[in-house]
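[1] Provided below for reference: sequence and predicted model.
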Amino acid sequence: AQSVTQLDSQVPVFEEAPVELRCNYSSSVSVYLFWYVQYPNQGLQLLLKYLSGSTLVKGINGFEAEFNKSQTSFHLRKPSVHISDTAEYFCAVRGMSGGSNYKLTFGKGTLLTVNP
Amino acid sequence: ETGVTQSPTHLIKTRGQQVTLRCSSQSGHNTVSWYQQALGQGPQFIFQYYREEENGRGNFPPRFSGLQFPNYSSELNVNALELDDSALYLCASSLGGASGAADTQYFGPGTRLTVL
């Protein structure tokens, strides 16, 4: 079984400031890691994913995340945010092996609010 | 290439009624997963279908059931609706391999169900 903890439920920042959204996970098996973004009244859009290889992953809209296996973390970062980045961000994990490990397990989300 | 589509967009039902939600998977995908997202929460896995067979189920009662059709579209059926079933229902499609391992899940816009 897996679990995901997003350490901040809300993160307010000013436009053009850097931001980090924190995600820690727990799992008894090796996992794949994902960040999704949800704009108001919409579905989830994939930002980036870690499957294997380099632990620094670059995604869309200038976001990147770093996988740290020893700390079981997958924090999301952006060096300079825009008003349009205001949205809910979800961290998710999926087990690498079969059976019900195919499911995505999500955190509760972090609401990023970018102020002018 | 068409993305994941869901219908209807919004739905209002009364307690005890039955509802059917529909999902068309992304072109080339053979796996569909359904999630329930309550207000202010992350999505929770309901079940997954791979090549018309259920391939894993979350902690949801049997009144939540599903189907996948030969064209890989899918339905989610909920019987005996309860007030707590009010949520955004998300469908995600992916390309499952011969071992059944599912790749990255791509989400539709969701169906907002309100139970009165």
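    Yep, that arrived.
[2] looking at chain A, which residue is nearest chain B?
    Nearest residue of chain A to chain B: A:Phe106, at 3.4 Å (C-beta to the nearest C-beta). Where you see a C-beta, it was placed from the backbone N, CA and C, and this is true even at glycine.
[3] where's the residue nearest to that residue when sequence neighbours are not counted, which helix or strand?
    Among residues not flanking A:Phe106 along the chain, B:Gly42 sits closest, at 3.4 Å (C-beta to C-beta, 6 or more residues apart in numbering or on different chains). Under the criterion DSSP states H and E, no helix or strand holds B:Gly42.
[4] next up, the contacts around B:Gly42.
    Contact analysis of B:Gly42 by C-beta atoms under 8 Å, 6 or more residues apart in numbering or on different chains lists A:4, A:90, A:92, A:106-109.
[5] and the buried ones among those, selectable in PyMOL?
    Entered in PyMOL, the line below selects the buried ones among those, by 16 or more other C-beta atoms under 10 Å in any protein chain shown:
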select buried, chain A and resi 4+90+92+106+107+109
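[6] got JSON lines for the contacts of B:Gly42, with distance to B:Cys91 too?
    Shown next, in JSON lines, are these (distance: C-beta to C-beta, whole Å):
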{"residue": "A:Val4", "distance to B:Cys91": "21"}
{"residue": "A:Phe90", "distance to B:Cys91": "16"}
{"residue": "A:Ala92", "distance to B:Cys91": "16"}
{"residue": "A:Phe106", "distance to B:Cys91": "15"}
{"residue": "A:Gly107", "distance to B:Cys91": "20"}
{"residue": "A:Lys108", "distance to B:Cys91": "21"}
{"residue": "A:Gly109", "distance to B:Cys91": "19"}
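[7] max pairwise distance over the contacts of B:Gly42: which two?
    Spanning the widest gap among the contacts of B:Gly42 are A:Ala92 and A:Lys108, at 11.3 Å by C-beta to C-beta.
[8] could you pull out the strands for chain B?
    Counting by DSSP state E, chain B has strands at residues B:5-7, B:10-13, B:19-24, B:31-37, B:44-50, B:53-57, B:64-68, B:74-78, B:87-94, B:106-107, B:111-115.
[9] so where is chain A shaky, pLDDT-wise?
    Judged by pLDDT under 70, chain A has its weakly predicted residues at A:97-101.
[10] do that again at 80, thanks
    Counting by pLDDT under 80, the ranges of chain A that qualify are A:96-102.
[11] all the strands of it, residue numbers only.
    A:2-6, A:10-14, A:19-21, A:23-27, A:31-38, A:44-50, A:56-58, A:64-68, A:73-78, A:87-95, A:105-106, A:110-115.
[12] I figured A:His67 hits A:Tyr50, correct?
    Heads up, residue A:67 is Phe, not His. Yes - the pair A:Phe67 / A:Tyr50 is scored as a contact, 4.6 Å apart, by C-beta atoms under 8 Å.
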